[in-house]
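Asker: Fold the following, please.
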Amino acid sequence: MANANLRIRIEDPLPYSVADGTTIEKGAILTLTDPRTAIVSLAENPMIAGIAAREKVANDGRTEIACFMRGVFDIICSGNVNIGDPVAIYNQLTFVPAATSSGAAIIGHALEAGTSGDAVQIYVNIGGGGYQV
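Answerer: Predicted coordinates for the structure are as follows:
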């Protein structure tokens, strides 16, 4: 099951480096590591690389993966999300971030309200702005 389902494509995905031995599901929300490498991470408040535009099979010889950084995606909620809330990612689920979250930790904002377990439309705009209190 994909973690983020593309609903509206706004721009082309961007390429990132990826380890050949990595398996990545289409729709996985990937974390950015140095140097410009995308990985699957369960860290809280990670810096987001993007959303995998296609599946990556381990040891298939590919060392790049395309990631969407903008678009409208259906993403599952973890807790309550209100319309307009900035959202971050933890364990491939959305949540309303702490006031200290900023930059690429903010994946976008909610276009719908939802509660834990609901799939809601999120306008993804990675790094598009900080969360101000």
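Asker: the domain parsing of this protein - what is it?
Answerer: 12-68, 71-125 (automatic domain parsing).
Asker: Those: lowest mean pLDDT?
Answerer: When those are compared by mean pLDDT, domain 71-125 comes last with a mean of 81.
Asker: Tell me who's in contact with F73.
Answerer: 4-7, 27, 51, 121-122, 124 (CB atoms under 8 Å, 6 or more residues apart in numbering). All C-beta atoms are positioned from the backbone trio N, CA, C, and that covers glycine.
Asker: now it, nearest residue through space, not along the chain?
Answerer: Spatial nearest neighbour of F73, excluding adjacent residues (CB to CB, 6 or more residues apart in numbering): A4 at 4.2 Å.
Asker: and the one you found, how many neighbours?
Answerer: 25 (other CB atoms under 10 Å).
Asker: Kindly report the same for the one 3 residues further on.
Answerer: Residues near R7, counting by other CB under 10 Å, number 13.
Asker: That one reaches I75, doesn't it?
Answerer: No. Contact criterion CB atoms under 8 Å: R7 and I75 do not qualify, at 10.0 Å.
Asker: Was I right to think G50 contacts L30?
Answerer: Yes. In this structure G50 lies within contact range of L30 using CB under 8 Å: 6.0 Å.
Asker: list the residues that contact both of the two?
Answerer: 16, 38, 67.
Asker: Ramachandran coordinates for the last one?
Answerer: The reference is to C67. Phi and psi for C67, reported as degrees, to the nearest 10, are phi -130, psi 130.
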